[in-house]
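Engineer: Only the shape, not the letters, is given here:
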C-alpha cells in the first residue's frame with residue numbers, strides 16, 4: 001500500500017478557509033486528503049506550525065528545509081521519496097498513486113442532518 005505524507009508550510013489552518021481570503025489550492029488538497037482518508041488510505045498531513053517535530057524528525061524533510069528553506073514547502077513524500085517540492089500534488093497524481101479516479105477525490109461528503117423541533121422547549 002502506498003503512503004503519502006504532506007508537509008505543509010506554517011499557517012493557521014489546513015483548509016484555507018481561515019483568514020480574509022480562501023486559498024482554493026488549500027481547499028482542494030484538504031478535500032482530496034479527506035476523501036483519501038475516508039477510503040482508509042495511508043495519507044498524512046503535517047503542519048509546521050503544529051507539528052515541527054515531524055519536520056525535524058524526518059531526515060529527508062529536514063535536509064531539504066536546511067538546503068532550500070521554507071519556500072520548499074509544501075513538500076510531499078510518497079513511500080519516503082520526494083515527489084513534490086513547493087507544490088501540492090494534483091488530484092490526478094494522487095488518484096494515480098492510489099489507483100483511483102480523479103473524480104473520487106472531488107466527491108463532496110454526504111452528511112445527513114436531522115432536527116427534532118418538537119423536543120425543543
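Structural biologist: Yep, it's here. Owing to the predicted nature of the structure, the values given are computational and were not obtained by experimental measurement.

Engineer: any weak-confidence spans in the chain?
Structural biologist: Within the chain, the ranges that satisfy pLDDT under 70 run 13-20, 107-121.

Engineer: Let's see that with 80 instead.
Structural biologist: For the chain, residues meeting the criterion pLDDT under 80 lie at 1, 11-22, 106-121.

Engineer: would you list every one of the helices in it?
Structural biologist: 24-38, 52-56, 59-68, 91-97 (DSSP state H).

Engineer: Need these in JSON lines (columns: distance to residue 1 and mean neighbour count).
Structural biologist: Where you see a C-beta, it was placed from the backbone N, CA and C, and this is true even at glycine. Below are those laid out as JSON lines (distance: least, Cβ to Cβ, whole Å; neighbours: other Cβ atoms under 10 Å):
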{"stretch": "helix 24-38", "distance to residue 1": "12", "mean neighbour count": "17"}
{"stretch": "helix 52-56", "distance to residue 1": "20", "mean neighbour count": "13"}
{"stretch": "helix 59-68", "distance to residue 1": "20", "mean neighbour count": "14"}
{"stretch": "helix 91-97", "distance to residue 1": "11", "mean neighbour count": "18"}
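
Engineer: of the ones you listed, which approaches residue 81 most closely?
Structural biologist: Ranking the helices of the chain by proximity to residue 81 (Cβ to Cβ) places helix 59-68 first, at 7.9 Å.

Engineer: follow-up on the earlier one: can I get the helices of the chain in CSV with distance to residue 9?
Structural biologist: CSV is the format used below for these (distance: least, Cβ to Cβ, whole Å):
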stretch, distance to residue 9
helix 24-38, 10
helix 52-56, 10
helix 59-68, 10
helix 91-97, 19
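
Engineer: Could you point out which of these sits nearest residue 74?
Structural biologist: helix 24-38 (8.1 Å).

Engineer: Please name every helix or strand in contact with that closest one.
Structural biologist: Helices and strands touching helix 24-38, by 3 or more Cβ pairs under 8 Å, 6 or more residues apart in numbering; DSSP states H and E, are strand 3-8, strand 42-47, helix 91-97.
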